[in-house]
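Participant: I'll drop the sequence and a predicted model, then ask my questions.
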Amino acid sequence: MEEGEIEIDSIEPIGFPDITPALARESGFLGLIDLLKVAKHGKGENIYLVRFHYLPPKRRRPSKGGPG
């Protein structure tokens with residue numbers, strides 16, 4: 001992906017039992033262990049499922065008049 005933005009669709013508190021192999025694959029991981037390697041960090045105990053999508057950069061219109 002190039003420059004652009006992400007737009008948050010939802011932020012939902014979930015529990016550890018909600019983290020399934022299917023959710024890991026849906027999220028772009030090979031499996032549950034790969035997801036947990038990335039997701040488990042720090043001392044926090046809260047778990048949030050953040051769903052988002054990518055917005056490509058808006059194309060800029062050429063300015064009127066141009067150089068010279």
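Facilitator: Yep, it's here.

Participant: any idea how far residue 14 is from residue 46?
Facilitator: Separation of residue 14 from residue 46 (Cβ to Cβ, to the nearest Å): 9 Å. Heads up, the C-betas are built off the backbone N, CA and C, glycines and all.

Participant: neighbour count for the two, which is higher?
Facilitator: residue 14 (12 against 6; other Cβ atoms under 10 Å).

Participant: by contact count, what packs against the longest helix anywhere in the chain?
Facilitator: Across the chain, the longest stretch assigned as helix under DSSP state H is helix 32-39. Here helix 32-39 is seen to pack against helix 21-26 when contacts are counted using 3 or more Cβ pairs under 8 Å, 6 or more residues apart in numbering; DSSP states H and E.

Participant: run the chain-centre distance for the helix it packs on.
Facilitator: Put simply, helix 21-26 sits 14 Å off its chain's centre (Cα atoms, centre = their mean, to the nearest Å).

Participant: surely residue 10 is within a helix?
Facilitator: No: going by DSSP: H, G, I helix; E, B strand; the rest coil, the assignment for residue 10 is strand, not a helix.

Participant: contact partners for it?
Facilitator: Contact analysis of residue 10 by Cβ atoms under 8 Å, 6 or more residues apart in numbering lists 49-51.

Participant: tell me what it is bridged to.
Facilitator: Listed beta-bridge partners, residue 10: residue 51 (assigned using DSSP bridges).

Participant: mind listing residues that contact the longest helix of the chain?
Facilitator: 19-21, 23-24, 27, 29, 47.

Participant: how about the helix or strand of the chain with the lowest mean pLDDT: buried residues?
Facilitator: Of all helical and strand segments in the chain, the minimum by mean pLDDT, DSSP states H and E falls on helix 32-39, at a mean of 90. Buried residues in helix 32-39, counted by 16 or more other Cβ atoms under 10 Å: residue 35.
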